[in-house]
Every structure is written in C-alpha cells, then in structure tokens.
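K.L.:
below: sequence and its predicted model.
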Amino acid sequence: MNDSRVVSWLERQGYVNVRRIGGGGMGTVFAATDIDLGRNVAIKTVLPELHNEEGLKRFHNEMKALAAIHSSYVTHINKKLADNEGNLGFEMELFEGGTLEELIRERRHNNEPGFSISDVVKYLRPVAKALDQMHSMRPDGWIHRDVKPANILLRRRPTDSGYSVLSDFGIAISEGQSRLTAIGNVIGTENYSSPESNSRDYSGQEASFSGDNYALALIAFEMLTMYHLKEMMPDSAWRAKRTVPGMGTPAIMARLDPQAAMATQQIDAVMERALDNTPYKRFPEACQFIDALEACGKGGAELNARSAVPESQATNYPASGQLPAMGFGMGSAHNLAGGAQNWSNPAMGSVPSYGGSSNAPFRSGINPGASMPSARPVQSAQLPQQVQSARPAQPARPAQLARPQKDNNNALMITATILIILAIAVTTIALVTS
Ligand SMILES: Nc1ncnc2c1ncn2[C@@H]1O[C@H](COP(=O)(O)OP(=O)(O)OP(=O)(O)O)[C@@H](O)[C@H]1O
C-alpha cells in the first residue's frame, strides 16, 4: 500500500484533502477531512511491509489498548477502517500542534533556553494523568512502554484536558498480558528507557508502570535543560549507574529558564527521586511527580524537600559511604558517589551541540562531572523482580521505616527500668545503713 494507493483508498472511504502527516515504524498517518461530518481528522494506516503477523499484531494491539483505556488524555479511535482487500486503518482526532519532539527540536534549533517549569507542567500534566489512569485500571493496568516526546501530540488550543495527549499504543501492554506474552522484540526507545530495562534479569517480557513514569521524568529533564540525560553520561553509566547532574551545574544553569534557575535545589530533589535507579524509590504516581515539579515553580522549597524524598529514604542508604543527596544542591562541589565518574570519557565527545556559547557543556570548568552529586548507583541486575512490575499505588515500603521509632521506645524503657532499679538500690542501702 504506497501513499497514493492509500490516498485513493481513503478518498473512496469519503475523505477529501488527504495528505500524509507522519509515519513511524508501524504506520503512516494522514490528515483528511471527513466530508460527512465536516471535520478534520487523522487516519493511521498500517504500512504494507508490516502487513505481516507482527505488524498486524501491533496495529490491533494499539486499537485494543485505545478502546480499553478510553481517556481524554490519550488519542482515541473515532472509527476503524477496513476492507476485504486488506486495507486497514483507524480514524482519530487530528492534533494540529505537532508533537512535543518537534517543539523541543525547534527550541534547540533556535538556541532558546529550556522550558519554564510552568510550561513543562502544562505539556506533561495531561500525559501524567493518562499514565496514572491507564496504570490504575482494573483488573489489569496498561503500561505504555514507549513514552517519548514523539508520542506526545499537541493541540493548537487547549481543551478541558489541556494541550497534549499521549499517543502510539502499538507496544502498550496490559499487566495481565505482560505475564503471558510480549509484543514486539524492541521494547520502547533506548533514549527513554529505564535503568531496570538494562538489567540482565529483564527479559523484555516484564514491563513496569514505574518505567513509564521514569520516561516522563526524562522528558521533563530534557525540557528544562535542553539536554537529554543520556547525552550527559558515558554509555556504560547509562546502562548501569545513572547519575542526574544538578541544575546548578554551569552547563545546565546556562540553559535554564529564569523560573527554573530560581529553584535549582528544589528541582534537583524532585528529579533525584523521579529518576532514581531503584523503581520503588520513585514517585509512585506520575501526577505526584508533576505536582512536586509545579511546587518548585511556586517557590515550594519546603514542600519539595519534604515530598521529594521521604525522611525514611533519605536515611536509607547503603553503608558503602554513599550519602543521601537530599540537603545537597546537586550542583554542589560534592561528589558523594564514592568514586568519581570519569566525565571526560570519550563517549562525552558525542554530546550534540545545539549552538551558542553555552553549548560546549563538558569542557573543563563546566564539566558536570566536577559537581556530580551522589550517584546512588544501583545495579539494575540486582533489582528485586517484584519491584520491576510493582503497581504504582503500592510502592514497597522500606523495612527501616518503622524501626527507628520502635528502637527509641525500647531505649526509653530500658533507661527507665535502670533508673528505677538504681533508685530502689539507693533507697535500700540508705535504709540498711541508717
Ligand atoms: N492524531 C494525530 N494527529 C496528528 N498527527 C498525528 C496523529 N497521530 C500520529 N500523528 C503523527 O504521525 C506520527 C507517527 O505516528 P505514530 O507514532 O502513531 O506511528 P508509529 O508508526 O507507531 O510510530 P513509531 O514507529 O515512531 O512508534 C507522529 O509522530 C505524529 O507526527
């Protein structure tokens, strides 16, 4: 089915003004006008070379996911198109604002600073709502597995549901399904993959709600800083021990919007938690992350400090000398990782330049590694299996949480008992000697 064949097929279905607007690995997307209803729509058609079992599986999977999720924060299917010659497609609302990827690319191209916190929240909150809704569906939540800027579509004007929607559910999977089978060999996009997906134990069969939320946080980081986190570390670190450079790092600071530049420490605390290498330490819900980020923009330093890293987690660090990052601006001069990262690694040479004087991010003096915070490395291969697919609403609670209080009570009891015994002994001795 080449483009002109698809166009004439769509015209026979009653569409006019049919034009190609996008295409990915699986489908070609056309904009058209439905003359019966007098509205502009988008139509996704399956590519001819994907008219094989796998391609059709993805296409049907997307339709099934969209029908099941049915949220105002995701694209939805107006109708399915099919004929007995094997032509396939489905009609959706047309989003005329392009994709978030295009918006980010344009900003980089124009050498503009990063997005303000308010704009990040504006574009990402609807996506966060979509994720929370689909993750919490019962009996089985859906996992998107390919959250990235190219899959966030934008409206020209906001509706009640905001500016953006989450799209492209070709490899989405329901929790029940994930126990049975995986769809497609490549899961997601590497630039937006979670650390646990690099684990040796990760077969691609498992998928995690937390992985979707992690990808959302990566997008927020990219929007604020105009850097992709993957660009900021050698490949080996990306695959094993990811660290999040602080907003106060000079190279990043140079690109921050003024609103974000006023709240670097608060953003650091939020990002540290959202991008933690350990899934259960992240925000359990995507909207909680967006709320915490929004509070940074409103000067909610105290709120962020409290909500970003619970006290229990701030003290729950391995005895290897690593210190909790809370309380340190990530751009501070401390390298608490217990082993400096080699940030002059040749891999850093591949960091793309987006033009302008602030675009030489990793030369001496503005090397983020010089001010790397606690890396809190976690070998993803060591992550507990259940954590990888844990439901967001039920984050594992560190066992240490209740212990300090109990220990304090015990200590008080023992001290009181000793004092009473001492008092009795002194009284007895006094009585005997008198
Ligand atoms: N409803 C829509 N309105 C406007 N543009 C759309 C719409 N749906 C898709 N597009 C455009 O078409 C492109 C490809 O769509 P989509 O990502 O769904 O296809 P895909 O083949 O599954 O892609 P990929 O291989 O990247 O996963 C999008 O990036 C976007 O530019």
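P.N.:
Thanks, I have the structure now. Numbers count the residues shown, from 1 in each chain.

K.L.:
you'd agree residue 32 is in a strand?
P.N.:
Yes - under DSSP: H, G, I helix; E, B strand; the rest coil, residue 32 falls within a strand.

K.L.:
so where's the stretch 101-250 of the chain shaky on pLDDT?
P.N.:
Under the criterion pLDDT under 70, the flagged ranges of the stretch 101-250 of the chain are 176-188, 199-207.

K.L.:
and with 80 instead?
P.N.:
Within the stretch 101-250 of the chain, the ranges that satisfy pLDDT under 80 run 175-189, 198-207.

K.L.:
run through the helices of it in chain order.
P.N.:
117-135, 175-180, 209-225, 235-239, 250-253 (DSSP state H, counting those that start in this stretch).

K.L.:
can you say which of the ones you listed is packed in most?
P.N.:
Across the helices of the stretch 101-250 of the chain, averaging neighbours per residue (mean count of other C-beta atoms under 10 Å) puts helix 209-225 on top, at a mean of 26. Using the backbone N, CA and C atoms, a C-beta is placed for each residue, glycine as well.

K.L.:
what is that helix packed up against?
P.N.:
helix 100-109, helix 117-135, strand 142-143, helix 264-274, helix 286-297 (3 or more C-beta pairs under 8 Å, 6 or more residues apart in numbering; DSSP states H and E).

K.L.:
and the stretch 151-300 of the chain, which residues reach the ligand?
P.N.:
151, 153, 167, 168, 170 (C-beta under 6 Å from any ligand atom).

K.L.:
show me what contacts the closest residue to the ligand within the stretch 101-250 of the chain?
P.N.:
The ligand sits closest to residue 168 of the stretch 101-250 of the chain, with a gap of 3.8 Å, by C-beta to the nearest ligand atom. Shown in contact with residue 168 (C-beta atoms under 8 Å, 6 or more residues apart in numbering): 24, 62, 146, 150, 151.

K.L.:
which one of the helices and strands packed on helix 209-225 lies nearest to residue 81?
P.N.:
strand 142-143 (23.5 Å; C-beta to C-beta).

K.L.:
so what are the sheet partners of the closest one and their directions?
P.N.:
Strand 142-143 has the following strand partners under DSSP bridges: strand 173-174 (antiparallel).

K.L.:
sorry, back to before: quick check on the contacts of residue 168: which are buried?
P.N.:
Buried subset of the contacts of residue 168 (neighbour count, 16 or more other C-beta atoms under 10 Å): 62, 146, 150, 151.

K.L.:
give the closest residue to the third one in space, chain neighbours not counted.
P.N.:
Nearest-residue entry for residue 150: residue 101, 4.1 Å, with adjacent residues in sequence omitted and distances by C-beta to C-beta, 6 or more residues apart in numbering.

K.L.:
from memory the one you found sits against residue 148, does it?
P.N.:
Yes - assessed by C-beta atoms under 8 Å, residue 101 is found in contact with residue 148 at 7.3 Å.

K.L.:
neighbour count: the two, which is higher?
P.N.:
Remark: of residue 101 and residue 148, residue 148 carries more neighbours, 21 against 15, as counted by other C-beta atoms under 10 Å.

K.L.:
give the full set of residues in contact with the more buried one.
P.N.:
101, 188, 189, 191, 192, 215, 219.

K.L.:
about what we covered before: could I get the helices of the stretch 101-250 of the chain in JSON lines, plus columns for distance to residue 433?
P.N.:
Putting these into JSON lines (distance: least, C-beta to C-beta, whole Å) gives the following:
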{"stretch": "helix 117-135", "distance to residue 433": "74"}
{"stretch": "helix 175-180", "distance to residue 433": "76"}
{"stretch": "helix 209-225", "distance to residue 433": "69"}
{"stretch": "helix 235-239", "distance to residue 433": "73"}
{"stretch": "helix 250-253", "distance to residue 433": "74"}
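
K.L.:
in contact with residue 124, which residues?
P.N.:
Residue 124 is in contact with 164, 216, 219, 220, 223, 290, counting by C-beta under 8 Å, 6+ apart.

K.L.:
please name the nearest non-neighbouring residue to residue 297.
P.N.:
Leaving aside its chain neighbours, residue 297 sits nearest to residue 117 (3.4 Å; criterion: C-beta to C-beta, 6+ apart).

K.L.:
my read: that neighbour touches residue 262, true?
P.N.:
No - the pair residue 117 and residue 262 does not pass the contact test of C-beta under 8 Å, sitting 9.3 Å apart.

K.L.:
just the buried residues of the longest helix along the chain, please?
P.N.:
When the chain is parsed with DSSP state H, its longest helix is helix 403-433. Residues of helix 403-433 classed as buried: none (neighbour count, 16+ other C-beta under 10 Å).

K.L.:
what's the average pLDDT for that helix?
P.N.:
For helix 403-433, mean pLDDT is 72.

K.L.:
repeat for stretch 6-18
P.N.:
92.

K.L.:
cool, stretch 69-84 as well?
P.N.:
Mean predicted lDDT for stretch 69-84 stands at 90.

K.L.:
what about that stretch, near the ligand?
P.N.:
Yes - for stretch 69-84, a contact with the ligand is found by C-beta under 6 Å from any ligand atom, at residue 75.

K.L.:
show residues contacting that stretch.
P.N.:
9-10, 13, 41, 43, 45, 63, 66-67, 87-93, 95, 126-127, 129-130, 133-134, 137, 142, 153, 159-162, 165-167, 169.

K.L.:
can you select the buried ones among the residues you listed for me in ChimeraX?
P.N.:
Remark: buried members of the contacts of stretch 69-84, expressed as a ChimeraX selection using 16+ other C-beta under 10 Å:
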select :9,10,13,41,43,45,63,66,87,88,89,90,91,92,93,95,126,127,129,130,133,134,142,153,161,162,165,166,167,169
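
K.L.:
before we move on, the earlier item: distance to residue 272 for the residues of the stretch 151-300 of the chain next to the ligand - can I get that in CSV?
P.N.:
As requested, these are exported to CSV (distance: C-beta to C-beta, whole Å):
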residue, distance to residue 272
151, 25
153, 30
167, 29
168, 29
170, 32
